[in-house]
Every structure is written in C-alpha cells, then in structure tokens.
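J.: Below is the structure, and that's it, no one-letter string:
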C-alpha cells in the first residue's frame, strides 16, 4: 500500500493560533500563466486536461519526496526500506532524477516509464494510486514538459499551505478559462458554509457531488485551524486522514483532481470514489454521515428508471435538485446537519414534489436557515439565483423558527468581471485586522452573516422583517404552504412622499394657462 505520509497541515505559518494563508506571488502567478498559455498553444484546449496533467506530475513528485524521506530513515537506522516505491531499476522514474535530463530524454522517460508506472499503481489500496490507473500522458512535446517540470520544481512542497494555495490557484484558472466552471463553487461561499456548520474532529463529512473537493478541503482546513490540539494524537490523525472526508463523483477526471487537492491540503487518504449519487442505491451509505456540505448540479432532470428507487420513495420527482435533497436526508445520520446550495425554485416551486420536500424539511426535520445569495455569485459562467439551506436531520421535527438572511454583496462585483470591491485582506468571512466598517459591510456581507447566524436564537428573534436578516415562526411558514422564499416574508417600508391635492394642481394649471394666453397676446402685439 502506498503510504502518503508526512503531509500534516499543522506545520503552516500561524499567528495567534490562526493560520496566515500563504500568498501566491505575482511572479508565481506569472509562471503558472505562462505554462497555462503554453498548454493551450500546444494544442490542449481543455483546462481540465491541463489540470489533470499537472496532477499526475505533482503525484510523482510527491512520491519521490516521500521516498527520499524513507531513504534517509533507512540510512540513519541501517535498515533497508522494506517497501520502496522505486526499485533499483526504476530510479530514472524519480522526479529528482528525470528533472535534470535534457527535454527529449525527460519526455521519453515520462511517457514510456513514469506513466506506465502510475497505471500499474492503480491496483493499490491508496485513494490516489487508485485514481491514477487510467493516467494518460497528453503533454504534446518535450519543451512544454520541461517548462511544467521547472514550474512545479520551483514550488516549495514542504508546507501544505503552499501546495494547497498553488493548486487552488490553478483550479481557479479552470473557472476563468470559460469551460467547466460549474465545477468550482466560489471559495468565500464555501468558507461561509464551513464556518457556519463548524466541522469537528468527530464528524464524518460527505459531499455527494464533490467535483474538485473544494468543500472537503475547506472543512479540513477549518478543523486544522480550530481543532489543532485535538488532531495531534496518532489515532486522531489516522481518523482525520482516513475516515473523516468522503466525496463522490462520476467523472474520473474530477476524482483525480479532487483527490490530489485533498492530498496537497494535508489529508492523506480520504474516501474519494466513483459513484453516481442519484442512480445508485444509497443503502450502503444510509445514515452514515454527520455533516453534508454540497453544491450539487441542479440544471436538469432524470428518468424515473435511471434514478435510485430509495430516493423516489422519499419524493417522486425527476428534478435533480430535489433528488439531491432527498439523497442528503438519506445519507445523514440522526442529528446530522447539512449546508447545501439550491436554486431558488426549490424554495417556492409549486409542484407536488417541491411542496412535499419543503414540508419534510419543516415538519419532519429541523430547518434552521435560508441564506439568500445574490444572483451574480456564480458569474461569469452562471447567473442563476440560489440560496443556502441549513438543516438538521431529526426524523421527529424540531423546526421552531427559520432564520432568513438576504445577502446583497459578497465582496466582489456581481457582474461577469467579479472584481474585488475591497482589499484582499478585507474580503471573505473572517477579514483580517479590525472589524469591517459600516461602509465595508455594505460591500461584504459575509462577516455579518456569520455574526448574526450565531445570534439566531437570541437577538435575531427580535429583528423586524424589514431588516436584512430576521426570523419567521414555523406557523407562518406553514400558513404560506411551506414557501421558503425570503421575499414571501420580507416587509418593505416605502418612503412616504407628500403629494398635493388635485385642487391645488388644477389651480396651478389654470395659472399657467393664463400666463400662456397673456404671453401669446403680447407676442401678437409685437408682431403687429
């Protein structure tokens, strides 16, 4: 078994107990940009394929780093490594050895040696090696390979923060490349959902449509920051690395990229696997997870025949967004909680399935919050209006009131450019420095969302429905047929405008007419 060890994220740069994110410098961004452009000019037009090739190379680089540590240990102890990654006749396949070769020789070694080696590792029990079994080498020429190897070799892989940041920057380029952007939920939105759900060391976290594993990565980062002490023990680290994070997808490219994303963020062997979440029965996964974080695809419908029967038992529908909600209820254990992004139609749809699913959330489970997002959050590749639902599975009700928040600004412009409205350190859920000023909060609502969420059972109960956030009693929601759209309950105060009486207006008109007649008569006399 490939032991991807030595990847603890607890060694990052910290100040006052808080990790200070590593910054991707302009020079490094420029290097990534040049390599990205080289891929495109070299004939690889799909940004996911670019990311996939980089993923393979990062994997082989990481294996070499781990083997180097094992070699040092063997030298220090005088005992040979019992299970080396590379045999004596495979030393040319190690990153440190092929990276110094001439481009043509390096190209042959990678194409004819490294990639067959990766594919042979596919039968191993490691999550990462499993997803490498279909590895294909598609870099078109030696010079491009040499550029990519030089870029990756320049990146210090000692800190998982650096590794994760550079990988996330490359993932962001997928979204801005104009293709496949739907796979990436904005980082600050993920952060908000993670901060509001507060993942803990005992959680088992699942994203049934994980894509590049952004939700799982941020949940891991939160736990490493907030629960650092609880993850120091051997058993706790083993649980964190192997039993805490679960992600499903039916796209093998996404599985490879998502797995590597987790690896580079310090999670050694997560459960990232191929699974068609809506088509396969969830019986083996039922009531297993304590936290679900997800932004599932919600732009289509499935035939009844291709949908898992156990989901149709919860709600009879073809709509993917409703089927995913049914799946979440199936996967959560009693007491488990969820934060999931849904299209606005889920909140007010009038079909029987829409109404029944909302009734289940309100009456049979505990619906806690609806956070309305501005429609520009997913631009430039989608302008859909969405909201985040927060609920806990109880199977016995418990909804007392529902907290609503109307997010007007997320720190970025809501047009296709999505330019930052504040300096980088003032963006996100937990901006650095002093609390945001009232003017800054108008441009970035996210810190206010988190602060008011924590008061949802206290001061927020007394907020008027004219405010940006407020609570609605369950009885009012039931009276509205379980409609969960914020506008159904929000009250708008119209500014009173003083107007004159009709008689005063008519009097003014008569006076104007008299002035016009008088002026006309004077003009006629002048002309005569």
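T.: Good, I have the coordinates. Quick caveat: nothing in here was measured; it's all calculated off a predicted structure.

J.: Run through the protein and note the low-pLDDT ranges.
T.: Residue ranges of the chain with pLDDT under 70: 1-26, 28, 122-126, 155-165, 174-184, 299-306, 381, 494.

J.: What segments of it are strands?
T.: For the chain, the strands defined by DSSP state E occupy 14-15, 18-19, 205-207, 245-249, 271-274, 289-294, 332-343, 366-372, 386-392, 401-406, 469-473.

J.: Distance to residue 307 and mean neighbour count for these - can I get that in CSV?
T.: For every residue, glycine as well, the C-beta is placed using N, CA and C. Converted to CSV, the strands of the chain look like this (distance: least, Cβ to Cβ, whole Å; neighbours: other Cβ atoms under 10 Å):
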stretch, distance to residue 307, mean neighbour count
strand 14-15, 46, 10
strand 18-19, 42, 14
strand 205-207, 19, 26
strand 245-249, 16, 25
strand 271-274, 18, 19
strand 289-294, 18, 24
strand 332-343, 18, 20
strand 366-372, 24, 23
strand 386-392, 21, 22
strand 401-406, 29, 23
strand 469-473, 32, 19
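
J.: Can I get these in JSON lines including distance to residue 484?
T.: Below are the strands of the chain laid out as JSON lines (distance: least, Cβ to Cβ, whole Å):
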{"stretch": "strand 14-15", "distance to residue 484": "40"}
{"stretch": "strand 18-19", "distance to residue 484": "35"}
{"stretch": "strand 205-207", "distance to residue 484": "23"}
{"stretch": "strand 245-249", "distance to residue 484": "26"}
{"stretch": "strand 271-274", "distance to residue 484": "32"}
{"stretch": "strand 289-294", "distance to residue 484": "18"}
{"stretch": "strand 332-343", "distance to residue 484": "9"}
{"stretch": "strand 366-372", "distance to residue 484": "5"}
{"stretch": "strand 386-392", "distance to residue 484": "8"}
{"stretch": "strand 401-406", "distance to residue 484": "7"}
{"stretch": "strand 469-473", "distance to residue 484": "9"}
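
J.: so which of these comes closest to residue 49?
T.: Closest to residue 49 of the strands of the chain, according to Cβ to Cβ: strand 245-249, at 16.7 Å.

J.: still on that earlier bit, mind checking the strands of the chain for the one nearest to residue 116?
T.: Nearest of these (Cβ to Cβ): strand 271-274, 22.1 Å.

J.: Parallel or antiparallel, which strands does that closest one pair with?
T.: Strand 271-274 has its sheet partners listed here by DSSP bridges as strand 245-249 (parallel).

J.: chain center to the partner strand: distance?
T.: Chain-centre distance of strand 245-249: 13 Å, with Cα atoms, centre = their mean, to the nearest Å.

J.: Between strand 289-294 and that strand, find me the angle.
T.: 50 degrees (axes from the mean of the first three to the mean of the last three Cα atoms, to 10 degrees).

J.: if we can go back for a sec, closest one to residue 325 among the strands of the chain?
T.: Of the strands of the chain, the one closest to residue 325 (Cβ to Cβ) turns out to be strand 332-343, at 7.1 Å.

J.: counting contacts, what elements does the closest one pack onto?
T.: When contacts are defined as 3 or more Cβ pairs under 8 Å, 6 or more residues apart in numbering; DSSP states H and E, strand 332-343 packs onto helix 187-197, strand 289-294, helix 320-331, strand 386-392.

J.: isn't residue 315 right next to residue 324, touching?
T.: No - in this structure residue 315 lies outside contact range of residue 324 using Cβ atoms under 8 Å: 10.8 Å.

J.: and stretch 272-281, how far apart are its ends?
T.: Taking Cα to Cα, to the nearest Å, stretch 272-281 runs 18 Å from one end to the other.

J.: Now do the buried residues in it.
T.: 272, 275, 277-278 (16 or more other Cβ atoms under 10 Å).

J.: on that earlier part again, mind putting the helices and strands packed on strand 332-343 in TSV, distance to residue 242 included?
T.: Output for these, formatted as TSV (distance: least, Cβ to Cβ, whole Å):
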stretch	distance to residue 242
helix 187-197	20
strand 289-294	15
helix 320-331	19
strand 386-392	26
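
J.: and of these, who's closest to residue 510?
T.: Evaluated over the helices and strands packed on strand 332-343, closeness to residue 510 peaks at strand 386-392, with 55.1 Å, by Cβ to Cβ.

J.: The closest one versus strand 401-406: what angle between them?
T.: Inter-element angle recorded for strand 386-392 and strand 401-406: 160 degrees (by the same axes, to 10 degrees).

J.: What strands flank strand 386-392, and is each parallel or antiparallel?
T.: Strand 386-392 pairs in its sheet with strand 332-343 (antiparallel), strand 366-372 (antiparallel), by DSSP bridges.

J.: Dump these into CSV; add distance to residue 45 as well.
T.: Rendered in CSV, the data for the strands paired with strand 386-392 read as follows (distance: least, Cβ to Cβ, whole Å):
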stretch, distance to residue 45
strand 332-343, 29
strand 366-372, 37
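
J.: so which of the ones you listed comes closest to residue 308?
T.: Among the strands paired with strand 386-392, the nearest to residue 308 by Cβ to Cβ is strand 332-343 (15.9 Å).

J.: The closest one to helix 320-331, inter-axis angle?
T.: Between the axes of strand 332-343 and helix 320-331, defined by the same axes, to 10 degrees, the angle is 160 degrees.

J.: quick one: residue 498 from residue 222, how far?
T.: Using Cβ to Cβ, to the nearest Å, residue 498 is found at 53 Å from residue 222.

J.: scratch that, residue 476 is what I was asking about
T.: Applying Cβ to Cβ, the value for residue 476 to residue 222 is 34 Å.

J.: same question, residue 391
T.: In terms of Cβ to Cβ, residue 391 sits 20 Å off from residue 222.

J.: Same question for residue 352.
T.: Residue 352 is 38 Å from residue 222, by Cβ to Cβ.

J.: cool, and residue 390?
T.: For residue 390 relative to residue 222 (Cβ to Cβ), the value is 16 Å.

J.: before we move on, what about residue 253?
T.: As judged by Cβ to Cβ, residue 253 and residue 222 stand 27 Å apart.

J.: do the same with residue 344
T.: Relative to residue 222, residue 344 is positioned 28 Å away (Cβ to Cβ).

J.: on that earlier part again, and residue 352 and residue 222? Which one has more around it.
T.: Taking other Cβ atoms under 10 Å, residue 352 and residue 222 do not tie; residue 222 has more neighbours (17 against 11).

J.: and the gap between the more buried one and residue 193?
T.: Look at residue 222 and residue 193: by Cβ to Cβ, they are 10 Å apart.

J.: Also residue 377?
T.: 12 Å.

J.: coming back round to it: which of the strands of the chain sits closest to residue 112?
T.: With Cβ to Cβ as the criterion, residue 112 lies closest to strand 271-274 of these, at 27.8 Å.

J.: contacting residues around that closest one?
T.: With Cβ atoms under 8 Å, 6 or more residues apart in numbering as the test, strand 271-274 has contacts from 127, 131, 210, 213, 242-243, 245-250, 252, 255, 258-259, 262.

J.: Only whichever of those residues are buried, select them in PyMOL.
T.: To isolate the buried members of the contacts of strand 271-274 in PyMOL, using 16+ other Cβ under 10 Å:
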select buried, resi 127+131+210+213+245+246+247+248+249+255+258+259+262
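
J.: Go through the contacts of strand 271-274 and flag which are in helices.
T.: Within these, residues falling in helices by DSSP state H are 127, 131, 242, 252, 255, 258-259, 262.

J.: Identify, from those, the entry nearest to residue 363.
T.: When these are compared for distance to residue 363 (Cβ to Cβ), residue 258 comes out closest, at 35.4 Å.

J.: Most widely separated two among the ones in helices among the contacts of strand 271-274?
T.: The largest separation in these, counting by Cβ to Cβ, is between 242 and 252 at 21.7 Å.
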